[in-house]
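>>> using only what follows, build the 3D model:
(chains A and B)
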Amino acid sequence: MMAARFLLRRAVPAMRQARCYADAPGASAQMSFTFASPTEVFFQGASVKQIDVPTLTGAFGILPAHVPTLQVLRPGVVTVFSDDGSSKKFFVSSGSVTVNADSSVQLLAEEACPLDSLDLATAKANLEKAQADMVGASDEASRAEVQISIEANEAIVKALE
Amino acid sequence: MFARSSAAVFLPQWYIYFNYRTLMLTIRLKSVKNIQKITKSMKMVAAAKYSRAERSLKPARVYGTGALALYEKADIKAPEDKNKHLIIGVSSDRGLCGAIHSSVAKTIKGEIAKLTGAGKEVMVVNIGDKLRGLLYRTHGKHILINCKEVGRKPPTFADASIIATELLNSGYEFDQGSIIYNRFRSVISYKTDEKPLFSMETVANSENMGIYDDIDADVLRNYQEFALVNVIYFGLKESTTSEQSARMTAMDSASKNASEMIDKLTLTFNRTRQAVITKELIEIISGAAAL
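Sure, this is the predicted structure:
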């Protein structure tokens, strides 16, 4: 499904404009990947094979020579597949991802941490507390805040299980 | 005042303090020594804060350049006829840090003059009380938001998002703007720098945005708001590091100047003390000789 979506996205821009950038994967297949949060840098200008990101419009994978795009992240797991085949998982709370025309990717997360530094029991407890708060929330703003907290905790729990 | 016996050539220590000239010098000497102690301790504090700020600047720099990468790579420029400008000036509340606040204020004043000369509307967001003090008298009508309590603690992402939220809620629909901050170069040098800000419409209508696939208005608005917070965060981090290093150098040179003054004053004090004693001796001896 992701491969088909990838090919479809690449076909459309070629029709929209008479410009050709990445000809085929492998021609300019070097992705410069920067993944950072305000307090920590995970990857800087690294060359990786693929990145899976959870966005507001759905999860998708980014390979070198991906179509340029801007997306906003939602709470979920980012998986980075490096060139040697190993993968690392991180949990991100929110943020943005930019894929530029020169195959550079900037993944900026508001808060991010490696998945193995999260604790399942604490996450479950936080989720239950957030769901209890939802009952007591009265106005729009606090309802929205509690909803965000519920979504984030659900995503953590799902990622850890 | 005191009975002068011809045999009492030995003068007690405290006697000289009753002489007017040495009294003035003693007061001055004491106060300069106090000032030197204070500036030395301020330098130590600034050095500690600086090393902490520099350590947290490294990831913040990567983060900030990542956030600005889109504007550079897509070469986004605002059209010339757009009228509403925004300037965010990043500074802090506390002084004694050299030319940090005045350089930002000077750049802002120059920008305001240039833009109003070209007929555009400009509003300024002041981050830091010192900046407000420098700007409100002459450019008070351009000030949109003032931020206080900046500089006491290291800035966090939450601070930047509070500022951005206030800006977005203020209702000022700017088309483009810039953030003016002090970029940290090294312990002894910083430079006042400027980074661009764009509004959602400017980005959406920019010519190179067409290559970015599948962007709808909602996603772009979220993206822009997040980018605004990132740029403010980056400016805050760089500014604090520059400010602490500038305060360190300023306090260091103040301590050195105070030491020089203390040396000079001590010499003068000793000379004055000796002159007073010699005068007393001469009076006594000439008085005794007259007998």
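
>>> longest strand anywhere in chain A?
Secondary structure of chain A per DSSP state E: the longest strand is strand A:40-55.

>>> next one: that one to chain centre, how far?
9 Å (C-alpha atoms, centre = their mean, to the nearest Å).

>>> ditto for stretch B:271-289
52 Å.

>>> list the buried residues in it.
B:T272, B:R273, B:V276, B:E280, B:I284 (16 or more other C-beta atoms under 10 Å in any protein chain shown). Every residue, glycine included, has its C-beta placed from N, CA and C.

>>> got the contact list for A:G95?
For A:G95, the contact set (C-beta atoms under 8 Å, 6 or more residues apart in numbering or on different chains) comprises A:S37, A:V72, A:L73, A:L107, A:L108, A:A109, A:E110, A:A112, B:F226.

>>> 7 Å instead?
A:L73, A:L108, A:A109, A:E110, B:F226 (C-beta atoms under 7 Å, 6 or more residues apart in numbering or on different chains).

>>> quick check: closest non-adjacent residue to it.
Distances taken as C-beta to C-beta, 6 or more residues apart in numbering or on different chains put A:A109 closest to A:G95, at 3.8 Å, once the chain neighbours are dropped.

>>> can you pull the phi and psi angles for the one you found?
The phi/psi pair for A:A109 (degrees, to the nearest 10) reads phi -110, psi 140.

>>> and for the one 4 residues further on?
Backbone torsions for A:C113, taken as degrees, to the nearest 10, come to phi -150, psi 150.

>>> so it touches A:F91, yeah?
Yes. Using C-beta atoms under 7 Å as the test, A:C113 is close enough to A:F91 to be in contact (5.8 Å).

>>> so between these two, which is more surrounded?
Taking neighbours as other C-beta atoms under 10 Å in any protein chain shown, A:C113 and A:F91 compare with A:F91 leading, 24 against 15.

>>> next, that one: secondary structure please.
Here A:F91 is recorded as strand under DSSP: H, G, I helix; E, B strand; the rest coil.

>>> give me the buried subset of the contacts of A:G95.
Buried among these (16+ other C-beta under 10 Å): A:L73, A:L108, A:A109, A:E110, B:F226.

>>> which ones among these are found in strands?
Checking the buried ones among the contacts of A:G95 against DSSP E, those in strands are A:L73, A:L108, A:A109.

>>> and the pLDDT for the last one?
The predicted structure scores A:A109 at 91 on the pLDDT scale.

>>> and B:N208, by the same measure?
In this model, B:N208 carries a pLDDT of 72.

>>> how about B:T107?
94.

>>> before we move on, what about A:R143?
pLDDT, read off for A:R143, is 80.

>>> backbone phi and psi for the closest residue to it other than its chain neighbours, please?
Leaving aside its sequence neighbours, A:R143 sits nearest to A:A137 (C-beta to C-beta, 6+ apart; 4.6 Å). The phi and psi values for A:A137, taken as degrees, to the nearest 10, are phi -70, psi 130.

>>> would you mind measuring from A:A137 to A:V157?
Separation of A:A137 from A:V157 (C-beta to C-beta, to the nearest Å): 20 Å.

>>> please apply the same query to A:S86.
25 Å.

>>> would you mind listing what in the stretch 51-200 of chain B touches chain A?
B:S56, B:P59, B:A60, B:V62, B:Y63, B:G66, B:A67, B:A69, B:L70, B:K73, B:F157 (C-beta under 7 Å from any C-beta of the partner chain).

>>> recalculate using a threshold of 6 Å.
With C-beta under 6 Å from any C-beta of the partner chain as the criterion, the stretch 51-200 of chain B meets chain A at residues B:P59, B:V62, B:Y63, B:G66, B:A67, B:A69, B:L70, B:K73, B:F157.

>>> send the alpha carbons of the longest helix seen in chain A over as PDB?
What stands out as the longest helix in chain A, according to DSSP state H, is helix A:140-160. Listed next in PDB are the C-alpha coordinates belonging to helix A:140-160 (Å, rounded to 0.1, in the frame of the first residue of the first chain):
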ATOM      1  CA  GLU A 140     -14.100  23.700  25.200                       C
ATOM      2  CA  ALA A 141     -10.500  24.500  25.900                       C
ATOM      3  CA  SER A 142     -10.100  22.100  28.800                       C
ATOM      4  CA  ARG A 143     -11.900  19.400  26.900                       C
ATOM      5  CA  ALA A 144      -9.500  19.800  24.000                       C
ATOM      6  CA  GLU A 145      -6.600  19.600  26.300                       C
ATOM      7  CA  VAL A 146      -7.800  16.400  28.000                       C
ATOM      8  CA  GLN A 147      -8.600  14.900  24.600                       C
ATOM      9  CA  ILE A 148      -5.000  15.600  23.500                       C
ATOM     10  CA  SER A 149      -3.700  14.000  26.600                       C
ATOM     11  CA  ILE A 150      -5.900  10.900  26.000                       C
ATOM     12  CA  GLU A 151      -4.700  10.600  22.400                       C
ATOM     13  CA  ALA A 152      -1.100  10.900  23.400                       C
ATOM     14  CA  ASN A 153      -1.400   8.300  26.200                       C
ATOM     15  CA  GLU A 154      -3.300   5.900  24.000                       C
ATOM     16  CA  ALA A 155      -0.600   6.200  21.400                       C
ATOM     17  CA  ILE A 156       2.100   5.500  24.000                       C
ATOM     18  CA  VAL A 157       0.200   2.400  25.300                       C
ATOM     19  CA  LYS A 158      -0.300   1.100  21.800                       C
ATOM     20  CA  ALA A 159       3.300   1.600  20.900                       C
ATOM     21  CA  LEU A 160       4.600  -0.200  24.000                       C
END
